[in-house]
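S.K.: show me the folded form of this:
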Amino acid sequence: MKPTDSELEILHVLWANGPSTVRQVHEKLSQSRDIGYTTALKLMQIMHEKGFVSREEEGRSHTYTALVSEEDTQRNLVDRFVETAFRGSASKLVMQILGQHKASREELDEIKKLLNDLNRD
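M.R.: Just a heads-up that it's a prediction; the model follows:
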């Protein structure tokens with residue numbers, strides 16, 4: 001199951017800051033967009049039901065922890081995207097990205113290193 005865009009925003013906060021209360025997540029999200037506290041709370045409750053986060057009850061506050069890793073989530077999202085948008089062709093994805101965006105010298109060097117490392121395996 002893949003997280004929605006809003007759930008992914010919450011996961012980014014949890015990955016960056018570790019276990020957090022709804023209030024802490026809400027404060028972080030509010031810095032970049034208009035979101036109500038009850039909306040954040042409801043999203044996090046749904047994420048708990050879906051198994052994306054765990055919840056510890058401490059009195060009246062609940063602390064949420066991401067149960068899915070950032071790397072696994074990114075891998076799953078990319079795999080699904082490549083499969084659906086590019087019919088499984090990673091090379092078409094890379095060509096589209098490099099054709100649309102100017103990569104920096106550092107990024108190109110990283111890509112070359114990755115390709116070299118893949119060729120060694």
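S.K.: doesn't Asp117 fall inside a helix?
M.R.: Yes. Residue state for Asp117 (DSSP: H, G, I helix; E, B strand; the rest coil) corresponds to a helix.
S.K.: so what pLDDT did it get?
M.R.: pLDDT for Asp117: 88.
S.K.: burial measure for it, as a count.
M.R.: 9 (other C-beta atoms under 10 Å). C-beta here means a position set from N, CA and C on the backbone, and glycine is covered the same way.
S.K.: likewise for Lys28?
M.R.: Around Lys28 there are 18 residues (other C-beta under 10 Å).
S.K.: what mean pLDDT does the helix or strand it falls within get?
M.R.: Under the criterion of DSSP states H and E, Lys28 resides in helix 22-30. What helix 22-30 shows for mean pLDDT is 96.
S.K.: may I have it as PDB, with CA atoms only?
M.R.: Presented in PDB, the C-alpha positions along helix 22-30 are these (Å, rounded to 0.1, in the frame of the first residue of the first chain):
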ATOM      1  CA  VAL A  22       0.400  15.300  16.600                       C
ATOM      2  CA  ARG A  23       1.100  18.800  17.800                       C
ATOM      3  CA  GLN A  24       4.800  18.600  16.800                       C
ATOM      4  CA  VAL A  25       3.900  17.200  13.400                       C
ATOM      5  CA  HIS A  26       1.200  19.800  12.900                       C
ATOM      6  CA  GLU A  27       3.700  22.600  13.800                       C
ATOM      7  CA  LYS A  28       6.200  21.400  11.200                       C
ATOM      8  CA  LEU A  29       3.500  21.000   8.500                       C
ATOM      9  CA  SER A  30       2.100  24.400   9.200                       C
END
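S.K.: what is it packed up against?
M.R.: Using 3 or more C-beta pairs under 8 Å, 6 or more residues apart in numbering; DSSP states H and E, the elements in contact with helix 22-30 are helix 5-17, helix 37-50, strand 61-66.
S.K.: need these in a markdown table with distance to His101, can you?
M.R.: Formatted as a markdown table, those follow (distance: least, C-beta to C-beta, whole Å):
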| stretch | distance to His101 |
| --- | --- |
| helix 5-17 | 21 |
| helix 37-50 | 30 |
| strand 61-66 | 29 |
